[in-house]
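**Student:** based on what follows, work out the 3D shape:
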Amino acid sequence: MNLPKIHSISKKILVALLGAFLSIFLLFHASANLLILRNDGGAWYNAFCDFMGTNYVVKAFEIVLFGALLFHIVLTIWLAITNRMARPKGYQKPQRTKTHTGSKLQVWTGILLLVGLIAHFTDFFFVKLGWVDGNLDFYQQARAKFQIPHIAIAYLIFFVVVWFHMRHGFAAIFQTLGLYNYKYGKAIEIIGIIYATVVCLMFASVVIVTFLQAA
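**Tutor:** Got it, this is the predicted structure:
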């Protein structure tokens, strides 16, 4: 299997930078989702979605976002393949370092996230683009989805996977960029846990509250 020659370090740095960009976007996305919980019949949330769907600057940003997401996925898989090809027989003794374990976890949680993202895009984003039929406005659609038990549970599981991916990814970004050291390592890990927890709880709270309101 012949892959284009890009230094492993370069791929890792690109993965880290794209991961940082996507992590920041997740906070923005989670904050926007909280508008669903406003008691205004969806006025603010629908207005936000309409703006996001009609503003040309936002549309350009969406292309950048999709490009970053796809590139992040491709580079991560590429890196895993090239690392595997570099040691096809594996190590005689299994490595037990924190980085090795976390890296393996990132690959598997990344695969699960890809599956979840495909379902999420089908549920929401592709409807906005008109690629998938949708008769409800954005607010009604979100509430209708989150009030279905198996969909609500699936999203909550998805957010748990997101948490694990972000929790390791946050520290890995600093480590890859050479910003992680023994003095600040613990603080970076704690901040990463807090950041991942806050973002995922913001997402999960919308699903939980919406589901309970229909109970």
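**Student:** helices of this structure, start to end?
**Tutor:** Counting by DSSP state H, the chain has helices at residues 8-33, 43-54, 56-86, 98-120, 126-129, 138-146, 149-176, 185-214.
**Student:** next, format those as CSV and append mean pLDDT and mean neighbour count.
**Tutor:** No exception for glycine: its C-beta is placed from N, CA and C like everyone else's. What follows is the helices of the chain, written out as CSV (pLDDT from 0 to 100; neighbours: other CB atoms under 10 Å):
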stretch, mean pLDDT, mean neighbour count
helix 8-33, 87, 16
helix 43-54, 86, 15
helix 56-86, 79, 13
helix 98-120, 70, 15
helix 126-129, 56, 15
helix 138-146, 87, 19
helix 149-176, 91, 18
helix 185-214, 94, 16
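**Student:** would you check that Ile191 makes contact with Phe174?
**Tutor:** No: distance between Ile191 and Phe174: 9.4 Å, which falls outside the contact criterion (CB atoms under 8 Å).
**Student:** angles on the backbone of Asp182, please.
**Tutor:** Asp isn't right for residue 182; it's Tyr. Phi and psi for Tyr182, reported as degrees, to the nearest 10, are phi -70, psi -20.
**Student:** and the gap between it and Val57?
**Tutor:** As judged by CB to CB, to the nearest Å, Tyr182 and Val57 stand 43 Å apart.
**Student:** what does Tyr195 give?
**Tutor:** As it turns out, when the distance is counted by CB to CB, Tyr195 lies 26 Å from Val57.
**Student:** and the residue nearest the centre of the protein?
**Tutor:** For the chain, the residue lying nearest the average C-alpha position, counting by CA atoms, centre = their mean, turns out to be Val162 (5.8 Å).
**Student:** what about it, distance to Leu22?
**Tutor:** Relative to Leu22, Val162 is positioned 11 Å away (criterion: CB to CB).
**Student:** and for His168?
**Tutor:** 14 Å.
**Student:** kindly report the same for Asn181.
**Tutor:** The spacing between Asn181 and Leu22, counted by CB to CB, is 24 Å.
**Student:** try Asn33
**Tutor:** 16 Å.
**Student:** again with Leu114
**Tutor:** When CB to CB is the yardstick, Leu114 and Leu22 sit 13 Å from each other.
**Student:** next: Gln141.
**Tutor:** Computed as CB to CB, the Gln141 to Leu22 distance reads 24 Å.
**Student:** then Ile111?
**Tutor:** Note on Ile111: its distance to Leu22, by CB to CB, is 16 Å.
**Student:** same question, Thr109
**Tutor:** Between Thr109 and Leu22 the distance is 14 Å, computed by CB to CB.
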